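> Quick one, what's the 3D model for this:
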Amino acid sequence: MNSFSLLRQPRVFFRPGTIKSLPSLIHEFGRNVLLVTGTATLQRSESFASFHDRMQAESLCCHHYAIKGEPSPELVDRAVEEYGCAGIQVVVAVGGGSALDAGKAISAMLVKKEPVGHFIEGQPEYREHDGSKVPFIAVPTTSGTGSEATNNAVISKVGNSGYKRSLRHHAFVPEVAVIDPILMLSLPFGLTAASGMDALTQLLEALVSPYGSPYTDAVALSGIELFSQTFIRACHNGAADIDARSGMAYAALMSGIALANAGLGIVHGFASSAGGYVAVPHGQLCATLLYPATRENISQLRGNVDRSAYFLAKYAKAGRLLSEDSSLNDDEGCCALLEKLESWQRELQFPRLGDFGIVEKDVDFIVSKTRSKSNPVELSVESMKKILKERL
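Residues are numbered from 1 along each chain as shown. Reported below is the predicted structural model:
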């Protein structure tokens with residue numbers, strides 16, 4: 001068994017209707033609150049609209065900051081400039097992964113009052129954040145990123161010199177996560193599918209990470225099991241199936257816990273490099289690359305005698321869960337996993353990289369920027385190019 005350490009987890013409140021308890025949870029930290037949301041959250045969710053009214057009725061002083069797209073350094077810095085002197089006592093983010101990451105970063109930078117770029121991993125001026133922050137409450141409205149349980153906020157700057165990297169500290173795990181599947185009922189099909197595949201990618205990559213442990217294995221497999229039972233139901237009947245939404249919300253939470261403690265693989269390596277080069281939504285990129293990346297990993301492991309059986313057995317466990325066939329041996333389980341991922345790719349019609357403007361001449365550049373130390377096998381440059389070219 002590998003030695004391992006575990007991050008603390010937030011206080012989790014998980015049930016349909018639990019959004020109603022949020023104002024009282026906010027009061028534990030103060031009454032001056034900065035509410036961070038995506039631009040679509042208020043329009044999409046009647047439950048959230050009524051919650052906003054209750055916040056004001058319960059004497060909470062609520063400042064609202066709406067974001068569009070994935071958080072950039074400029075977006076975070078602008079929020080700090082606008083609210084840095086407002087005496088904010090707690091930051092609450094309600095929305096998808098982008099809103100949660102933005103709220104997490106803003107809570108970390110309100111006490112610093114300097115550019116967030118100084119603290120983003122891999123940047124020239126990088127220095128480690130000391131973890132001081134304004135308390136942070138996460139309220140996810142999608143089932144994908146698991147940001148409600150992680151210690152990092154992903155910040156993006158798109159372009160030839162762009163990046164998609166993390167602001168990270170163990171103290172950045174939210175103090176509270178309020179997970180209400182009712183908030184997810186109105187998610188459209190495309191967002192349900194993309195965010196769901198993000199969660200599955202995180203579960204699968206954490207499961208086969210060389211830095212995993214029995215704890216993260218158990219968490220990841222638990223999430224994969226619920227994902228298997230609820231993903232397609234949520235995609236096709238999500239507005240009427242609260243049990244499916246609950247199962248997907250659980251899978252996403254488990255994916256956040258697993259990735260924060262085990263790390264992620266090659267798909268998220270591409271998410272950083274390709275996502276910093278072009279504006280491709282994170283969930284869509286995971287959805288389109290998971291099958292070819294998993295197939296390449298399994299192919300390389302089958303030809304590598306060093307610990308290959310260990311990781312192939314883990315892929316097989318996932319295959320047995322997703323195919324709901326516990327009788328499969330390890331080779332059959334790996335095949336079942338690939339068949340399931342390929343069938344979802346066809347059935348749900350995940351977009352290709354070319355739909356976001358990535359063409360063949362971009363592949364070399366993207367691969368040159370791709371790192372993935374937590375992948376179960378070291379992939380060659382040619383293997384990485386193969387994965388990308390298949391989905392152009």
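> which residues of the stretch 101-250 of the chain fall in strands?
136-140, 152-157, 163-168, 176-179 (DSSP state E, counting those that start in this stretch).
> Where does pLDDT dip in the stretch 251-392 of the chain?
Scanning the stretch 251-392 of the chain for pLDDT under 70 picks out 305-306.
> and if we set it to 80?
Where the stretch 251-392 of the chain drops to pLDDT under 80, the residues are 304-307.
> Tell me where it has helices.
266-277, 282-302, 308-323, 330-348, 363-368, 381-390 (DSSP state H, counting those that start in this stretch).
> among the ones you listed, which is nearest Leu34?
Judged by Cβ to Cβ, the one of these that comes nearest to Leu34 is helix 282-302, at 23.8 Å. C-beta here means a position set from N, CA and C on the backbone, and glycine is covered the same way.
> Output the contacting helices and strands for that closest one.
Packing partners of helix 282-302 (3 or more Cβ pairs under 8 Å, 6 or more residues apart in numbering; DSSP states H and E): helix 189-207, helix 266-277, helix 308-323, helix 330-348, helix 381-390.
> quick one: the first one to helix 308-323, angle?
Taking axes from the mean of the first three to the mean of the last three Cα atoms, to 10 degrees, one finds that helix 189-207 is oriented at 150 degrees with respect to helix 308-323.
> can you dump the C-alpha coordinates of helix 189-207 into PDB?
What follows is helix 189-207, C-alpha atoms only, in PDB (Å, rounded to 0.1, in the frame of the first residue of the first chain):
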ATOM      1  CA  PHE A 189     -29.400  17.800 -22.000                       C
ATOM      2  CA  GLY A 190     -26.000  19.000 -23.400                       C
ATOM      3  CA  LEU A 191     -24.900  20.400 -20.100                       C
ATOM      4  CA  THR A 192     -26.000  17.300 -18.200                       C
ATOM      5  CA  ALA A 193     -24.100  15.000 -20.600                       C
ATOM      6  CA  ALA A 194     -20.900  17.100 -20.600                       C
ATOM      7  CA  SER A 195     -20.800  17.700 -16.800                       C
ATOM      8  CA  GLY A 196     -21.600  14.100 -16.200                       C
ATOM      9  CA  MET A 197     -18.700  13.000 -18.400                       C
ATOM     10  CA  ASP A 198     -16.400  15.400 -16.500                       C
ATOM     11  CA  ALA A 199     -17.400  13.600 -13.300                       C
ATOM     12  CA  LEU A 200     -16.800  10.200 -14.800                       C
ATOM     13  CA  THR A 201     -13.400  11.300 -16.100                       C
ATOM     14  CA  GLN A 202     -12.400  12.400 -12.700                       C
ATOM     15  CA  LEU A 203     -13.600   9.200 -11.000                       C
ATOM     16  CA  LEU A 204     -11.800   7.000 -13.600                       C
ATOM     17  CA  GLU A 205      -8.600   9.000 -13.600                       C
ATOM     18  CA  ALA A 206      -8.400   9.100  -9.800                       C
ATOM     19  CA  LEU A 207      -9.100   5.400  -9.600                       C
END
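> how big is the angle separating it from strand 136-140?
Going by the same axes, to 10 degrees, helix 189-207 makes 120 degrees with strand 136-140.
> got it, and the fourth one?
When the same axes, to 10 degrees is applied, the directions of helix 330-348 and strand 136-140 differ by 80 degrees.
> Let me see the contact set for Val134.
34, 88-91, 107, 110-111 (Cβ atoms under 8 Å, 6 or more residues apart in numbering).
> Show me those that map onto helices.
Ser107 (DSSP state H).
> ok, the residue positioned nearest the centre of the chain to Leu183 distance?
Residue closest to the mean C-alpha point of the chain, counted by Cα atoms, centre = their mean, is Thr145 at 1.9 Å. Noted for Thr145: a distance of 15 Å to Leu183, by Cβ to Cβ, to the nearest Å.
> dump the residue contacts of Leu35.
Taking Cβ under 8 Å, 6+ apart, one finds 52, 55, 62-65, 92-94 in contact with Leu35.
> and with 6 Å instead?
62, 64, 92 (Cβ atoms under 6 Å, 6 or more residues apart in numbering).
> again with Thr288
Per Cβ under 6 Å, 6+ apart, neighbours of Thr288: 350, 391.
> Going by neighbour count, list what's buried in stretch 357-371.
Residues of stretch 357-371 classed as buried: 358, 362-363, 366-367, 369-370 (neighbour count, 16 or more other Cβ atoms under 10 Å).
> picking that back up, make CSV from the helices of the stretch 251-392 of the chain and add distance to Ala177 to it.
As requested, the helices of the stretch 251-392 of the chain are exported to CSV (distance: least, Cβ to Cβ, whole Å):
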stretch, distance to Ala177
helix 266-277, 21
helix 282-302, 19
helix 308-323, 24
helix 330-348, 27
helix 363-368, 33
helix 381-390, 33
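> Mind putting the strands of the stretch 101-250 of the chain into a markdown table with distance to Ile19?
Below are the strands of the stretch 101-250 of the chain laid out as a markdown table (distance: least, Cβ to Cβ, whole Å):
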| stretch | distance to Ile19 |
| --- | --- |
| strand 136-140 | 7 |
| strand 152-157 | 22 |
| strand 163-168 | 27 |
| strand 176-179 | 6 |
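> Using JSON lines, lay out the ones you listed together with mean neighbour count.
As requested, the strands of the stretch 101-250 of the chain are exported to JSON lines (neighbours: other Cβ atoms under 10 Å):
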{"stretch": "strand 136-140", "mean neighbour count": "30"}
{"stretch": "strand 152-157", "mean neighbour count": "24"}
{"stretch": "strand 163-168", "mean neighbour count": "21"}
{"stretch": "strand 176-179", "mean neighbour count": "24"}
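> And these: which comes nearest Asn297?
Here strand 163-168 is closest among the strands of the stretch 101-250 of the chain (Cβ to Cβ), at 21.5 Å.
> tell me the mean pLDDT for that closest one?
Mean pLDDT, strand 163-168: 93.
> so how far is the longest helix along the chain from its chain's centroid?
Taking DSSP H as the criterion, the chain has its longest helix at helix 214-237. When distances are taken as Cα atoms, centre = their mean, to the nearest Å, helix 214-237 is centred 14 Å away from the chain's centroid.
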